[in-house]
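In: no sequence on this one, just coordinates:
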């Protein structure tokens, strides 16, 4: 396990800024080495995302200001009766053109941590910050396609539904889904062709975190 000096207090969650874009692209490439090249988020994408919905773009920085983890989100309406969709379509090829300021769900497009900074609780801190944003905007909750990063090694032994059930029960550990479950998400279903990535056999779990403070009332504009 990698160990990074300084402990949790050495890291801060901040809103991403355009000058961070090259570092954010480096995080993306390091975090998702098996993802199809045309699905990776580039520096140009990050700049466009920050311009479109700044409140939804977050980074974890070290005490020296180096970005070592980041996340991308946008607002949307979501049809839970029809969950099958492609990541690249949902995110408008990473430009976030589908961001809807009146959408009542926060869609978690991406989260990544540099490999040498994993197991430091950085993903959890990003999820906590995203959930704080959901509360601040009075959205219904947070929805995402959680890549089943461990399923590729199990696909010849377990069907994907069985694999997810084992992860939910705690009998198997998935590098992504297990963390998300510990952050309060629940599995709503399986997305069969979410990305092009052998590590997860292209599959993701549709995960949902519902805002316990959501109020049915006329809402604000975006942050």
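Out: Looks like it came in fine. Treat the numbers as computed from the prediction; the structure is a model and nothing was measured.

In: Identify each buried residue in the biggest helix by length in the chain, please.
Out: Counting residues, the longest helix in the chain under DSSP state H turns out to be helix 122-136. For helix 122-136, a neighbour-count test (16 or more other C-beta atoms under 10 Å) marks 122, 123, 125, 126, 127, 129, 130, 131, 133, 134 as buried. (Each C-beta comes from the backbone N, C-alpha and C, glycine too.)

In: Show me what counts as buried in stretch 161-173.
Out: Residues 163, 164, 167, 168, 172 are the ones in stretch 161-173 that count as buried (16+ other C-beta under 10 Å).

In: doesn't the fourth one fall inside a strand?
Out: No: applying DSSP: H, G, I helix; E, B strand; the rest coil, one finds residue 168 to be helix, outside a strand.

In: and residue 92, how many neighbours?
Out: Residue 92 sits with 16 neighbouring residues when counted by other C-beta atoms under 10 Å.

In: ugh, wrong one, I meant residue 49
Out: Count around residue 49 with other C-beta under 10 Å applied: 26.

In: Quick check: which element contains it?
Out: helix 43-52 (DSSP states H and E).

In: for the protein, what spans make up the strands?
Out: 12-15, 57-61, 67-76, 105-113, 141-147, 186-191, 204-210 (DSSP state E).

In: could I get the ones you listed as CSV with distance to residue 32?
Out: Output for those, formatted as CSV (distance: least, C-beta to C-beta, whole Å):
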stretch, distance to residue 32
strand 12-15, 21
strand 57-61, 16
strand 67-76, 12
strand 105-113, 7
strand 141-147, 8
strand 186-191, 17
strand 204-210, 13
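
In: Indicate which one of the ones you listed is closest to residue 23.
Out: With C-beta to C-beta as the criterion, residue 23 lies closest to strand 67-76 of these, at 4.4 Å.

In: close enough to count as contact, residue 68 and residue 113?
Out: Yes: in this structure residue 68 lies within contact range of residue 113 using C-beta atoms under 8 Å: 6.9 Å.
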